[in-house]
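A.B. asks: Mind looking at a prediction? Sequence and model below.
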Amino acid sequence: MVAVGLVLAVLTIGGCGDETASAGRSTMNTTTTPATTSSTTTAFTPTPAEPVYGAPFIDRVEWTATEQGPSLQVFPTEAGRNVQGETELDPAWAEVVALDPTADSPGMREQFACHWRFARIVAPDKTSWNLEPWRPVVTDEEMIASRCNPGGAEEQIP
C-alpha cells in the first residue's frame, strides 16, 4: 500500500528528476486511478531473532580421576553450548585457563578446540567436556578421527 501511494505521488508530482529537466516537457492531461487491493491480505510474520550468546562460556572446571590419569571436566554455560562461530573459541579457552591455569598444558587446548567445534554439535547435552593432559598431541585430522580423545576413550574410576 505504501508503494502504491509512492508511485501515485511520483506520478502526480511529475517524476523524481530535478525540476529543470521537466520544465521543457509538454504536459499532458492524465488521470490516475488508485490501484485496487485484493480482498486477500497476507499477514506479515517476522522471523524471530536468533539469540545472541556472550561470555561467560564456561561455568566451572573440575579435576577427576580416570583409569588412564587425571581429567579436567569443563562445564560449559548455555552460551558455551550454543554460540555459533569460531571467534569465541579463544575467549572460551581463556576462561578455562583463568579457572585453572594448569589446564594450559600441551594438547589440552587442542582437545578443547575439538570439543568446541564438534562435540557440542554431536552431543549438545553432554554434561562436561573432558580434557586430559596425558593424551598425545596429534594433528587436527587425528584429533577429529579420535572424536577428540586421542590415545583412547576415557574410563571413569567408580
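C.D. replies: Good, I have the coordinates. Numbers count the residues shown, from 1 in each chain.
A.B. asks: And the helices in this structure, which stretches?
C.D. replies: Under the criterion DSSP state H, the chain contains helices at 2-13, 19-23, 78-82, 89-99, 108-114, 120-122, 140-145.
A.B. asks: Pick out the shakiest of these, pLDDT-wise.
C.D. replies: Per-segment confidence across those bottoms out at helix 2-13, which has a mean of 35 in mean pLDDT.
A.B. asks: how close does the closest residue to residue 146 other than its chain neighbours sit to residue 85?
C.D. replies: Leaving aside its chain neighbours, residue 146 sits nearest to residue 138 (7.3 Å; criterion: CB to CB, 6 or more residues apart in numbering). Backbone N, C-alpha and C define where each C-beta goes, glycine included. Noted for residue 138: a distance of 24 Å to residue 85, by CB to CB, to the nearest Å.
A.B. asks: out of the two, which sits in the more crowded spot?
C.D. replies: Between residue 138 and residue 85, counted using other CB atoms under 10 Å, the more crowded position is residue 138 (17 against 7).
A.B. asks: ok, now which ones touch the residue nearest to residue 78 when sequence neighbours are not counted?
C.D. replies: Taking CB to CB, 6+ apart, and ignoring the residues beside it in sequence, residue 78 has residue 53 as its nearest neighbour in space, at 7.3 Å. With contact set as CB atoms under 8 Å, 6 or more residues apart in numbering, residue 53 has these partners: 78, 79, 82, 83, 84, 88.
A.B. asks: isn't the residue nearest to residue 146 right up against residue 144?
C.D. replies: No: counting by CB atoms under 8 Å, residue 138 does not reach residue 144; the two are 9.6 Å apart.
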